[in-house]
Structure formats: C-alpha cells, structure tokens
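Engineer: Just need the structure, nothing else, for what follows:
(one chain, ligands or ions: 2)
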Amino acid sequence: MKRSVMSVIAALLVGTAWVSAGQNVEIAEETLGLSKVSVDADTGLVEKPYSYKGTAPGAGNKRIPRAYDNAPPMIPHDINELPIITQEENTCTSCHMPDVASSVGAIPIPKTHLTNLRKMEDLKGQLYQGRWNCTQCHAPQAELDPAVMNKFKGAYRKKIGGEYKTNLIKTLREGVVEDKSGSFDLNKDLLEE
Ligand code: HEC
Ligand code: HEC
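Structural biologist: Numbers count the residues shown, from 1 in each chain. Ligands and ions are numbered 1, 2, ... in the order given. Below is the predicted model:
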C-alpha cells in the first residue's frame, strides 16, 4: 500500500516536471515553414508589376469562358478606375442591373441575384443584399507569365448553352431529392421517394 502511494506521488512529480519543461519549449521559426529559413527571412522575391485584362467596360472586351456550368463569370474589363464597392454605393450595378444593362451593352445580373434563395423569394428586380459585394465572386484576371502554366480545362454541358451562359435559377435543386411539399427549407428532412 505504502509503496503504491509512493509511486503515485513519484508519477505526479515526474508529470509536473514534464509539464513545466513543456511550457519552456520553443518551436524554432525555421522549422515552421516548408522552406527551412526564418519566417522573417527576405527571400529576395520581388512581385513583378502586372496589369489586368481588358480596357474600359463596354470597349468590346472579350468575355472569358467559364470554368464549369454556372460558374461565376470572370470580369473581362478593367475595374481599376471604379470606386471601391460598398453596400450603399456600387458602380457595378449602374451598368449591370437588368433595367440598364442592354442600354450600355452589359450582361444583365441574372435572376439568382434578384432572389432571396434562402426563402425562395422573388425580390421583384431588387438585388439580394447577400450579393452586394460583386468582386467576392467575380474577379478581374491578371495577365501574367507564370513559370508553370495552369493546365486546367473548363468543362460544361452543352444543354446549358456553353461556357458563356447561365441557367442556375432553373437547376438549383438538380441532384437533390425532391421534397414533395415544394418547400425550400433546407433544415427540413427531405422525404425519401
Ligand atoms: C460602364 C458600365 C460597366 C460597369 C461600371 C461595370 N461593367 Fe461589367 N461589363 C460591362 C460590359 C459592357 C460588359 C461586356 C464586356 C465589355 O464590353 O467590356 C461587362 C462584362 C462583365 C462581366 C462578364 C459577364 C459574362 O457573362 O461574361 C462581369 C462578370 C462583369 N462585367 C462584372 C462587373 C463588376 C463586378 C463590376 C463592378 C466592379 C462591373 N462589371 C462594372 C459594363 C460595365
Ligand atoms: C456569392 C457569389 C456572387 C456574388 C456576390 C455575385 N455574383 Fe454574379 N454570379 C455568380 C454566379 C455563381 C453566377 C452564375 C450562375 C448564376 O446565374 O447565378 C453569376 C452570374 C453573373 C452574371 C452573368 C449573367 C449571365 O446571364 O451570364 C453577371 C453579369 C453577374 N453575375 C453580375 C454580378 C454583379 C454585378 C454582382 C454584384 C452586385 C454579382 N454578380 C454578385 C455569383 C455571384
């Protein structure tokens, strides 16, 4: 009995020593990254200047093919001169809202953006405010000369209309077991067929 109490105390002491030793262990920053140098080391890399594809919007910039069905199209025109997008002020909408788009030759904002998809509520031409920050999904494309080329090839089904078309509002539930009630409540258990 006495022996086992002693061994418990001994184990506790060893444990404490181990914990306090652990607290002092420093991880060398050279071991943190993939390259075994200090994380503060200046590797001498200089970002080369680059520019974005395209000129002013509407100057006939070629549209960029999408990567896959209903992927957000990338921005083919220059957006450098445009003010920063805020929820209150957004120059993108001044050309892309459906009521003005055709007059400036822009592609109109699609129906998915004018719908509250959480409630499947048609916002009657108003932009859903979960989408105000356009460049969160649509980005301008830099022109670069990378050391290794990206070999990714886009893939899309012809029935959608190809790499420049959108039909997402019609295919949102594609592949989902149909809820007979027609409800769009994703928290609700979907009934098996
Ligand atoms: C002065 C009007 C104008 C403004 C402002 C503008 N665009 Fe455009 N946008 C166009 C036109 C016109 C096109 C067609 C390509 C072209 O001719 O430049 C286009 C094309 C696009 C496309 C390609 C769509 C597709 O299906 O290929 C996207 C995406 C886009 N714009 C997003 C934006 C975003 C995001 C902003 C704000 C940062 C913006 N645009 C501001 C006029 C405008
Ligand atoms: C959360 C991501 C997201 C945000 C934010 C967003 N979009 Fe989109 N956008 C998409 C996706 C995905 C598509 C393609 C599928 C679809 O139609 O919804 C698209 C399609 C488009 C198209 C092409 C329509 C067509 O018929 O080819 C335009 C133009 C566009 N968006 C403009 C905008 C503008 C302007 C804003 C800001 C007011 C914006 N988007 C905000 C994801 C987004």
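
Engineer: list the contacts for the most centrally placed residue in the chain?
Structural biologist: Geometric centre of the chain, nearest residue: Cys137, 5.9 Å, by C-alpha atoms, centre = their mean. By C-beta atoms under 8 Å, 6 or more residues apart in numbering, the contact set of Cys137 is Pro72. Just so you know, the C-beta spots here come from the backbone N, C-alpha and C atoms, and that holds for glycine as well.

Engineer: same thing with Ile75?
Structural biologist: By C-beta under 8 Å, 6+ apart, the contact set of Ile75 is Gly54, Ile64, Thr135, His138, Ala139, Pro140, Gln141.

Engineer: From ligand 1, how far out is it?
Structural biologist: Remark: distance between Ile75 and ligand 1 (C-beta to the nearest ligand atom, to the nearest Å) = 4 Å.

Engineer: Check Ile84 too.
Structural biologist: Separation of Ile84 from ligand 1 (C-beta to the nearest ligand atom) stands at 9 Å.

Engineer: For the chain, list the residues in contact with ligand 2, please.
Structural biologist: 70, 72-73, 90, 92-93, 96, 107, 109-110, 112-113, 127, 131-134, 136-138, 166, 168 (C-beta under 6 Å from any ligand atom).

Engineer: Mind giving me the PyMOL command for buried ones among these?
Structural biologist: A single PyMOL command selects the buried members of the residues of the chain next to ligand 2 (16 or more other C-beta atoms under 10 Å):
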select buried, resi 70+73+90+92+93+96+109+110+112+113+127+131+132+134+166+168
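
Engineer: rewinding a little: ChimeraX command to pick out the buried ones of the contacts of Ile75?
Structural biologist: Provided next is the ChimeraX selection string for whichever of those are buried by 16+ other C-beta under 10 Å:
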select :54,64,140
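
Engineer: Looking at the contacts of Ile75, which is nearest ligand 2?
Structural biologist: For those, the residue nearest ligand 2 by C-beta to the nearest ligand atom is His138; the value is 5.4 Å.
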